[in-house]
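Trainee: Sequence first, predicted coordinates after that:
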Amino acid sequence: MRRTYLGEFEEMILLMVAILDGEGYGVTISEALEAHTGRIVTFGTVHNTLIRLEEKGFVTSALGGATAERGGRRKRLFRVTALGSQALQEIQQLRQHLWQLLPPHTLRLGGI
C-alpha cells in the first residue's frame, strides 16, 4: 500500500481535529491551533487544509445544526477517519523512534 505523507501543517490540523473530537470546524480549529501552538493562521488556510485532508481520506465532514450566532448557517464539523487515526499513530511512532536515535549529547546547551 502506498503511504500518503502529511506536511507539518496538515499534521497539526489533523491533530486539532482529533483533539476536538467531532466538534471542530474551521473557526474552532483555528482557535485551538493558536491556543496550543501560538501559531496564528487564517481561516482560509485552515479551510483549504481541511478540504485537502478530506480528499486524502484522513477526515470526514458533516453539516451540524444551524445556530443563531452564525445567522442560521450550519457548521461543517470535521472528524478523523480510521485512516487519519492510523496516520497519526504512525507519525507519533516515527517521531518517537527518531528522537530515541538522537545522541544524548546533542541536546545539551549549544547542541541543537
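Mentor: That came in fine, so what should we check first? Because the structure is predicted, anything quoted here is derived from the model rather than measured.
Trainee: buried sites along stretch 50-60?
Mentor: Buried residues in stretch 50-60, counted by 16 or more other C-beta atoms under 10 Å: 50, 52-54, 56, 58-60. The way it works is simple: take the backbone N, C-alpha and C, and place the C-beta from them, glycine included.
Trainee: what's next to it, contact-wise?
Mentor: Applying C-beta atoms under 8 Å, 6 or more residues apart in numbering, the contact partners of stretch 50-60 are 4, 6, 10, 13-14, 17, 26, 29, 61, 78-81, 83-84, 87.
Trainee: which among those end up buried?
Mentor: The buried subset of the contacts of stretch 50-60 - by 16+ other C-beta under 10 Å - is 6, 10, 13-14, 17, 26, 29, 61, 78-81, 84, 87.
Trainee: now, which of those residues sits nearest Leu102?
Mentor: Leu6 (21.7 Å; C-beta to C-beta).
Trainee: Measure how far the helix or strand of the chain with the lowest mean pLDDT is from the centre of its chain, please.
Mentor: Ranked by mean pLDDT, DSSP states H and E, the weakest helix or strand in the chain is strand 59-66, scoring a mean of 87. Taking C-alpha atoms, centre = their mean, to the nearest Å, one finds the center of strand 59-66 at 16 Å from the center of the full chain.
Trainee: quick one on the thing from earlier: let me know the closest of the buried ones among the contacts of stretch 50-60 to Gly44.
Mentor: Checking these one by one against Gly44 (C-beta to C-beta), the nearest turns out to be Gly26, at 8.8 Å.
Trainee: what sits against that closest one?
Mentor: Residues near Gly26 by C-beta under 8 Å, 6+ apart: 43, 46-47, 50, 76.
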